[in-house]
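Visitor: Fold the following.
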Amino acid sequence: MALPTVDRRFVSARFPASPAAAVEPPARRGWAFASPRGDHDLNPGTPLPTKLTPAAVLVPLVERAEGFTILLTQRTAHLHDHAGQISFPGGRVDPCDTDPEACALREAAEEVGLDRGVVDLVGRLDHYITGTGFEVVPVVGFVRPPFDIRPDPFEVADVFEVPLSFILDPANHRREKHVRRGEERHFYVLPFENRYIWGATAGMLVNLAEVLRAP
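Guide: Have a look, this model is predicted:
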């Protein structure tokens, strides 16, 4: 199956306009979503967590001359949540965040030093519920080089980029499983070179590929 030719106009056309920022802050109104994606997608019957913590991540589409890439981080091994895993820049909502976009941009600046002045937001993917109780809003944005990366050494062990063409190819969307506490769990994995992209990050990347590959 041929991969689509992706440029800024193509990506922009795939996303509706982002919701207006002038809404009640998410920390007060909640981010309930009618049909959220999540770790439960490949595990029918798995109950959703009853208490959800609002969060947002930036899905950074870097505009390289050879084509778009996705900027990702590897979390440090000592963190309490998702230690050592590959993730988007992002985190839980602070009271100062007026909407998911503000949260995602703030977290990207704090985690990897990404200047919000080089980011043009385009839209959102589906909300994603993690098994650890986070309701994540993935915010998609174009990132215009050149830009500096200054990782926070406490949170970020590494920063790297994956070609968008790799993400768009369904042959790279693997399904794996493991047994935890006697229960079998299925999840997406996108193995890239020596990187093991799995869990929530892989699920959001699959969502991005579906959006960009839709007829």
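
Visitor: show me where pLDDT drops low in the chain?
Guide: When the per-residue scores of the chain are filtered using pLDDT under 70, the ranges that remain are 1, 16-35, 78-83, 180-182.

Visitor: for the biggest helix by length in it, packing partners?
Guide: Identified as the longest helix of the chain according to DSSP state H is helix 199-213. Contact analysis of helix 199-213 by 3 or more Cβ pairs under 8 Å, 6 or more residues apart in numbering; DSSP states H and E lists strand 37-38, strand 53-64, strand 86-87, strand 128-129, strand 134-143, helix 164-168, strand 183-192 as its packing neighbours. Any C-beta I mention is one placed from the backbone N, CA and C, and that applies to glycine too.

Visitor: in that helix, what's buried?
Guide: Residues of helix 199-213 classed as buried under the neighbour-count rule (16 or more other Cβ atoms under 10 Å) are 199, 200, 201, 202, 203, 204, 205, 206, 207, 208, 209, 212.

Visitor: what sits up against it?
Guide: For helix 199-213, contacts defined as Cβ atoms under 8 Å, 6 or more residues apart in numbering pick out 3-4, 6, 10-11, 14-15, 37-39, 41, 57, 59, 70, 72, 82, 85-88, 125-126, 128, 130, 134, 136, 138, 140, 164, 167-168, 170, 173, 187-190, 197.

Visitor: Could you list the buried residues of stretch 186-195?
Guide: Of all the residues in stretch 186-195, those buried under the rule 16+ other Cβ under 10 Å are 187, 188, 190, 192.

Visitor: does the second one have beta-bridge partners, and which?
Guide: What that stands for is residue 188. On the basis of DSSP bridges, residue 188 takes part in beta bridges with residue 175.

Visitor: That one touches residue 196, doesn't it?
Guide: No: counting by Cβ atoms under 8 Å, residue 196 is not a contact partner of residue 188; they are 11.4 Å apart.

Visitor: Could you measure from residue 49 over to residue 130?
Guide: For residue 49, the distance to residue 130 equals 8 Å [Cβ to Cβ, to the nearest Å].

Visitor: Sorry, wrong one. I was asking about residue 123.
Guide: Plainly put, residue 123 is 21 Å away from residue 130 if you go by Cβ to Cβ.

Visitor: and if you look at residue 91?
Guide: Going from residue 91 to residue 130 by Cβ to Cβ gives 12 Å.

Visitor: repeat for residue 159
Guide: In this structure, residue 159 lies at 22 Å from residue 130, with Cβ to Cβ as the measure.

Visitor: Thanks again, I'm all set now.
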